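Asks: pasting the sequence and the predicted coordinates here, then a few questions.
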Amino acid sequence: MAITRWNPFREMDLLRREMNRLFDDWPLRFEKDLGGVSMAAWSPNVDIFEDENEVVLSLEVPGINEKDIHLSLEGNTLTISGERKLEKEDKKDNYHRIERCYGSFSRSFSLPSNIEHEKISASMDKGVLKVTLPKKEETKPKKIEIKVGK
């Protein structure tokens, strides 16, 4: 049996997510004459991975140019923002529905205190933004041997 840390705000976070989901879908229920385009607020999905050397954030941002994504660091808060623009190609009247979301997004992440801020890097490949957060070199705990007296 594993011991897990209790988070008193877990239920509040779940409620917040459900409320956001409810209101994100709300414009779709009352589609206005926007050519079927959803202008609902959206936020890219993120996976967060950690090992002994780094923390890695992977965000799904298909269809967004890397020039339209911005990363900023204020204290221990990393903010990733950007915009998926609606491309005005040949106007095709035979679209029945467009379900992709367009518009601006912003995600903020509180970083642990052991991150090397100067070494944070980001790369993009196949619609996935990868943000690498290297950890600081920490001193290893020293074992102190207890000597037995005679």
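Replies: Nice, I can see it.
Asks: need the helix or strand of the chain with the lowest average pLDDT.
Replies: Using mean pLDDT, DSSP states H and E, helix 10-29 stands out as the lowest-scoring helix or strand of the chain, at a mean of 73.
Asks: now do the same end-to-end measure for stretch 49-57.
Replies: Separation of the first and last residues of stretch 49-57 by Cα to Cα, to the nearest Å is 7 Å.
Asks: which residues sit in contact with the residue most central in space within the chain?
Replies: Most central in the chain under Cα atoms, centre = their mean is residue 46, positioned 4.2 Å from the mean C-alpha point. The contact partners of residue 46, taken as Cβ atoms under 8 Å, 6 or more residues apart in numbering, are 57-60, 107. C-beta here means a position set from N, CA and C on the backbone, and glycine is covered the same way.
Asks: and if you look at residue 149?
Replies: Residue 149 neighbours (Cβ under 8 Å, 6+ apart): none.
Asks: measure it to residue 69 for me?
Replies: Applying Cβ to Cβ, to the nearest Å, the value for residue 149 to residue 69 is 64 Å.
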